[in-house]
Structure formats: C-alpha cells, structure tokens
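Colleague: How does the following fold in three dimensions:
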Amino acid sequence: MVVMNVPDDLLYSSDHEWIQISATHARIGITDYAQDALGDVVYVQVPTVGVAVVVGESFSEVESTKSVSDIYAPVSGVVIEVNEALGSDPAAVNSDPYGAGWLCVIEMSATNEIDALLAADAYRALTEG
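Modeller: Numbering: from 1, shown residues only. Model (predicted):
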C-alpha cells in the first residue's frame, strides 16, 4: 500500500482539496491522494481573480492523461490570488501538491465553514478506508 502525504498542519475536504488557513485567507490545492488518482496532470484551469466561489461548488478544473476533474470550493469567498505558474507547469500539481502545486487563495466570507473540514487524521481515515 502506498502511503500518501497528508500534512498535519492543513485541513481537508472530502472532495480531496487541502486548505491552509491564515486569518481570513485560505490557500487551496488538491491533495497528494487526488493527484495520485488523477495521474499525470497536463492542464490546470485556475479560477479568475475576483470571482466569488461558493462552498461545495466547482470553481476550477484539473485535466490529466486519464480524465478531467472538477475542483470544488472547500470554503466560500472571493479568489484573491491564483497560481499563474501552473499555466506553464501543470505537473507541479503532481510533483509538489502542497507547495508549488497550490491553485488559489480565497478571502473567506464565512470562516465558520472551516468547521466542516477534516483534520489530517480524519482525512487519512477517509482515504485509507
């Protein structure tokens, strides 16, 4: 069995996004588990800066050699920053999902939404179950 990297200092959605909280900002990407399931990522559609996103709704897409997958907003708010580097290096999602492979930063409109997210142990249990 392959052991996936699940950093303890992040929160996770059941849709396999990770969230790093800093005050009212949430940096978001897809988990090691998700990038492994997708296979080689060949294109990332990052959201547009200024767009409002709603928790649970699709706001981005990742295309791999296997499929195209929607990325769902783990929190509601407004996109304030996107990872433009993914345009020329979408494989960073595979090689460094928690670092260079981040997707965007959202200014959260409802910080209490993070209460519904999973801690690392709960996410590990979800992916190993």
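Colleague: now the most centrally placed residue in the chain: how far from Ala122?
Modeller: Closest to where the C-alpha atoms of the chain average out (C-alpha atoms, centre = their mean) is Gly29, at 2.4 Å. Distance, Gly29 to Ala122, using C-beta to C-beta, to the nearest Å: 18 Å. Placement of C-beta: from N, CA and C, glycine included.
Colleague: Count the neighbours of Leu118 for me.
Modeller: Neighbours of Leu118 under the rule other C-beta atoms under 10 Å: 20.
Colleague: Can you check what pLDDT the model gives it?
Modeller: With respect to pLDDT, Leu118 has a value of 98.
Colleague: Identify the residues contacting it.
Modeller: By C-beta atoms under 8 Å, 6 or more residues apart in numbering, the contact set of Leu118 is 11-14, 126.
Colleague: repeat that for 7 Å
Modeller: Going by C-beta atoms under 7 Å, 6 or more residues apart in numbering, Leu118 touches 11-12, 14, 126.
Colleague: For it, what are phi and psi?
Modeller: Leu118 adopts backbone torsions of phi -100, psi 140, taken as degrees, to the nearest 10.
Colleague: what are the bridge partners for it, then?
Modeller: Tyr12 (DSSP bridges).
Colleague: before we move on, back to that, buried ones among the contacts of Leu118?
Modeller: Buried members of the contacts of Leu118, scored by 16 or more other C-beta atoms under 10 Å, are 11-12.
Colleague: which one of the contacts of Leu118 is nearest Gly101?
Modeller: Tyr12 (15.1 Å; C-beta to C-beta).
Colleague: quick one: contacts for that closest one?
Modeller: 18, 31, 117-118, 123.
Colleague: So of these, which two are at opposite extremes in space?
Modeller: Thr31 and Leu117 (12.1 Å).
Colleague: follow-up on the earlier one: highest neighbour count among the contacts of Tyr12?
Modeller: Trp18 (29 neighbours).
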